[in-house]
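1. From the sequence below, what's the structure:
(one chain, ligands or ions: 1)
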Amino acid sequence: MITLNKLVVGYQQRAVTPELVGEFTQGSMTALVGDNGSGKSTLLKTLCGMIPPVSGSISLPTPRPTIAWLPQHAELEKTFPLTVFDLVAMGFWRQCGWFGGINRQQRKQIFEALERVRMLPFIDAAPGTLSGGQLQRVLFARLLIQDAELLLLDEPFSGVDSDTIALLIELLAERHRAGCTLIVVLHDMATVANHFPQVLRLKPNHSEWSCRSCGVTGLNFSRSAGERA
Ligand SMILES: Nc1ncnc2c1ncn2[C@@H]1O[C@H](COP(=O)(O)OP(=O)(O)OP(=O)(O)O)[C@@H](O)[C@H]1O
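-> Numbers count the residues shown, from 1 in each chain. Sure thing, here's the model as predicted:
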């Protein structure tokens, strides 16, 4: 379980969000929503430890969950002088280090992950030659092989066509069924309503949690409030 203890996130001690109180229970699937500039990306960066909180804290379970983060602007990934295979292989950095070799089993996993996102024909392509949606599928293949316990995804469906969105949502639902905790920044409220049991909405002066499966809506969200889904 990940607990937000009066957490305020922002930059150089400048608060971007109000105090956030609540929990992401293990295995929960939460949509993080709010207006442009409300602090969604900043919260994800704080959760993955990239920037420190302005105040308050985050309690993580012990041992600390492994985290995979898909940032909002993945265009940078296109500039690496790599192939699609290499880009996905980077998902094994925890096991191999950045410059370690890939073994036969890992190679097989990379092929399977690319097959799942229908990008196997592009395995030798340079990321810079892919469209935005194709790149996103490749980055999902990398997420799959990372096999992390906590997935933080920042607007993973922006610029992606509806067929691909359906495919990627199914992959996320699979990770959810496998027990991963997912926190996903989204703007499309239909996707939120159809696929995300829990929602954290950031607003300028307060935040609001809602949980469809337990019927809880409020400023705080805790397991004791009723979520057992
Ligand atoms: N590196 C940074 N340094 C200082 N301020 C920043 C930085 N990045 C973002 N901000 C500011 O923090 C606020 C929140 O930005 P953030 O990107 O978290 O919003 P968001 O909810 O993800 O928005 P969007 O929906 O537009 O992606 C904005 O006012 C933004 O200008």
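
2. Please identify which helix or strand holds Leu152.
-> strand 150-154 (DSSP states H and E).

3. and that strand, what other elements does it pack with?
-> helix 40-47, strand 67-70, helix 162-177, strand 181-185 (3 or more CB pairs under 8 Å, 6 or more residues apart in numbering; DSSP states H and E). For every residue, glycine as well, the C-beta is placed using N, CA and C.

4. which outside residues touch the third one?
-> Taking contacts as CB atoms under 8 Å, 6 or more residues apart in numbering, the residues outside helix 162-177 that touch it are 27, 29, 116-118, 133, 136-137, 140, 144, 151, 153, 156-157, 160, 182, 184, 191, 195.

5. need the residues of the protein near the ligand, please.
-> When proximity is defined as CB under 6 Å from any ligand atom, the chain approaches the ligand at Tyr11, Val16, Gly34, Asn36, Gly37, Ser38, Gly39, Lys40, Ser41, Thr42.

6. Next, format these as JSON lines and append neighbour count and pLDDT.
-> Formatted as JSON lines, the residues of the chain next to the ligand follow (neighbours: other CB atoms under 10 Å; pLDDT from 0 to 100):
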{"residue": "Tyr11", "neighbour count": "12", "pLDDT": "95"}
{"residue": "Val16", "neighbour count": "19", "pLDDT": "94"}
{"residue": "Gly34", "neighbour count": "19", "pLDDT": "94"}
{"residue": "Asn36", "neighbour count": "6", "pLDDT": "93"}
{"residue": "Gly37", "neighbour count": "11", "pLDDT": "92"}
{"residue": "Ser38", "neighbour count": "19", "pLDDT": "93"}
{"residue": "Gly39", "neighbour count": "24", "pLDDT": "95"}
{"residue": "Lys40", "neighbour count": "27", "pLDDT": "95"}
{"residue": "Ser41", "neighbour count": "19", "pLDDT": "94"}
{"residue": "Thr42", "neighbour count": "20", "pLDDT": "95"}
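
7. What is the nearest of these to Val88?
-> Comparing the residues of the chain next to the ligand against Val88 with CB to CB picks out Ser41 as the nearest, at 23.7 Å.

8. Quick one: residues contacting the closest one.
-> Going by CB under 8 Å, 6+ apart, Ser41 touches Pro71, Gln72, Asp154, Val185.

9. Now do it against Val9, distance only.
-> Counting by CB to CB, to the nearest Å, the gap from Ser41 to Val9 is 10 Å.

10. Tell me who's in contact with Gly39.
-> Val9, Gly10, Val16, Thr17, Leu202.

11. Make JSON lines out of those and add secondary structure.
-> As requested, the contacts of Gly39 are exported to JSON lines (DSSP: H, G, I helix; E, B strand; the rest coil):
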{"residue": "Val9", "secondary structure": "coil"}
{"residue": "Gly10", "secondary structure": "strand"}
{"residue": "Val16", "secondary structure": "coil"}
{"residue": "Thr17", "secondary structure": "coil"}
{"residue": "Leu202", "secondary structure": "strand"}
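
12. Now do the buried residues in stretch 176-190.
-> For stretch 176-190, the neighbour count (16 or more other CB atoms under 10 Å) marks His176, Cys180, Thr181, Leu182, Ile183, Val184, Val185, Leu186 as buried.
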